[in-house]
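Chemist: need a structure here:
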Amino acid sequence: MIKRCDWANHSPQEIYYHDNEWGIPVHDDNKLFEMLILESMQAGLSWSTILSKRETLKEAYDNFDYKIIATYDDNKYHELLNNPGIIRNKLKIKSVITNAHAFMEIQESFGSFDQYIWNFVDGTTINNSWNSIDEVPAKSDLSIQISQDLKKRGFKFLGPTTVYAFMQATGLVNDHMNYCFKKK
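Modeler: Prediction:
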């Protein structure tokens, strides 16, 4: 029997996400933007809700193409607001558009978002050692620092807890449990 992190055993979607994405270092700007959006959409909701809506979100937000999202106008905003398959929070929808602009500004300043975000961990995953899900923090000093920097650069809906979840999802930190088969 394969041992996984406790949170990943509730649905086939969670198992697939855990086994094939979560905690694997991401260096592709498109994928990093997608994860930023998904994590910001999760605020106040469960990750299983986001996973169940992921394909609909991907379709509604033009495959999470930040260059297209940055061009969204009021018509597209209202189209999204009326789409029952996505998270229809007005502020979250506006934040996706705002974050697309801020994302491209970071690319302009740093060469890529990858360069910017991985610089916070000196290009190397932080490997934590947890025996229980109860030990895993909701945020860290580093997620607070990154969140503050992102906010300073114009990002919305990326507080320290959301940023920590993003760090976990994109492999900036490895929070697989010590007993998990994905722990390296």
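
Chemist: what's the next secondary structure element after the longest helix seen in the chain?
Modeler: Ordering each helix of the chain by length in residues (DSSP state H) puts helix 90-110 first. The first helix or strand that comes after helix 90-110 along the chain, using DSSP states H and E, is helix 113-119.

Chemist: Which residues belonging to that next one are considered buried?
Modeler: Buried residues in helix 113-119, counting neighbours by 16 or more other C-beta atoms under 10 Å, are found at 113-114, 116-118. Using the backbone N, CA and C atoms, a C-beta is placed for each residue, glycine as well.

Chemist: neighbouring contacts of that helix?
Modeler: 27-29, 32-33, 103, 106-107, 109-110, 146, 170, 172 (C-beta atoms under 8 Å, 6 or more residues apart in numbering).

Chemist: OK, contacts around residue 33?
Modeler: 64, 66, 99-100, 103, 113.

Chemist: Now do the contacts for residue 112.
Modeler: Applying C-beta under 8 Å, 6+ apart, the residues contacting residue 112 are residue 29.

Chemist: Show the pLDDT at it.
Modeler: Confidence at residue 112, expressed as pLDDT, is 98.

Chemist: ok, the residue nearest to residue 139 when sequence neighbours are not counted to residue 149 distance?
Modeler: Excluding the flanking residues, the one nearest residue 139 by C-beta to C-beta, 6 or more residues apart in numbering is residue 160, at 3.9 Å. The spacing between residue 160 and residue 149, counted by C-beta to C-beta, to the nearest Å, is 11 Å.

Chemist: okay, those two: which has more neighbours?
Modeler: Taking other C-beta atoms under 10 Å, residue 160 and residue 149 do not tie; residue 160 has more neighbours (19 against 16).

Chemist: so what's the closest residue to residue 178 other than its chain neighbours up against?
Modeler: In space, and not counting its chain neighbours, residue 178 is closest to residue 131: 5.4 Å by C-beta to C-beta, 6+ apart. Counting by C-beta under 8 Å, 6+ apart, residue 131 makes contact with 177-179.

Chemist: Now render those residues as a markdown table, adding pLDDT and secondary structure.
Modeler: Output for the contacts of residue 131, formatted as a markdown table (pLDDT from 0 to 100; DSSP: H, G, I helix; E, B strand; the rest coil):
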| residue | pLDDT | secondary structure |
| --- | --- | --- |
| 177 | 97 | strand |
| 178 | 97 | coil |
| 179 | 97 | coil |
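
Chemist: which of the residues you listed count as buried?
Modeler: For these, buried by 16+ other C-beta under 10 Å: residue 177.

Chemist: Make CSV from the contacts of residue 131 and add distance to residue 37 to it.
Modeler: Rendered in CSV, the data for those read as follows (distance: C-beta to C-beta, whole Å):
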residue, distance to residue 37
177, 27
178, 31
179, 31
